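1. Dropping the sequence and predicted coords here.
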Amino acid sequence: MKLKTKSSAKKRFRFTASGLVKTGQCGKRHNMRKRSNKMLRNARGMTLMHQSDAKKVTDYYFHV
């Protein structure tokens with residue numbers, strides 16, 4: 001039987017063509033006034049996840 005992809009992982013992560021995991025930058029949900037403008041600029045867009053964390057995501061995403 002074919003298993004469904006986890007909906008929570010589908011919304012939070014994307015995969016690059018080479019199989020790396022992209023995720024949103026952290027630290028931008030609230031308390032922006034405490035953060036420096038440099039930090040906010042650098043935290044735009046998506047970032048590549050570290051390999052050790054990405055392994056957990058891919059295992060969860062693909063039901064391994």
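-> That came through, no problem.
2. Least confident secondary structure element in this structure?
-> helix 7-12 (a mean of 85; mean pLDDT, DSSP states H and E).
3. can you list contacts of the helix or strand following it?
-> Next helix or strand after helix 7-12 toward the C-terminus (DSSP states H and E): strand 13-15. Here strand 13-15 makes contact (CB atoms under 8 Å, 6 or more residues apart in numbering) with 21-23, 46, 49, 57, 61. (Each C-beta comes from the backbone N, C-alpha and C, glycine too.)
4. out of those, who's nearest residue 7?
-> residue 61 (10.7 Å; CB to CB).
5. Test my guess that the closest one contacts residue 11.
-> No - taking contacts as CB atoms under 8 Å, residue 61 lies outside contact range of residue 11: 11.3 Å.
6. Looking at those two, which one has more neighbours?
-> residue 61 (18 against 8; other CB atoms under 10 Å).
7. Report the separation between the closest residue to the more buried one other than its chain neighbours and residue 55.
-> Once flanking residues are discounted, residue 61 sits nearest to residue 9: 4.5 Å by CB to CB, 6 or more residues apart in numbering. Distance of residue 9 to residue 55, given as CB to CB, to the nearest Å: 13 Å.
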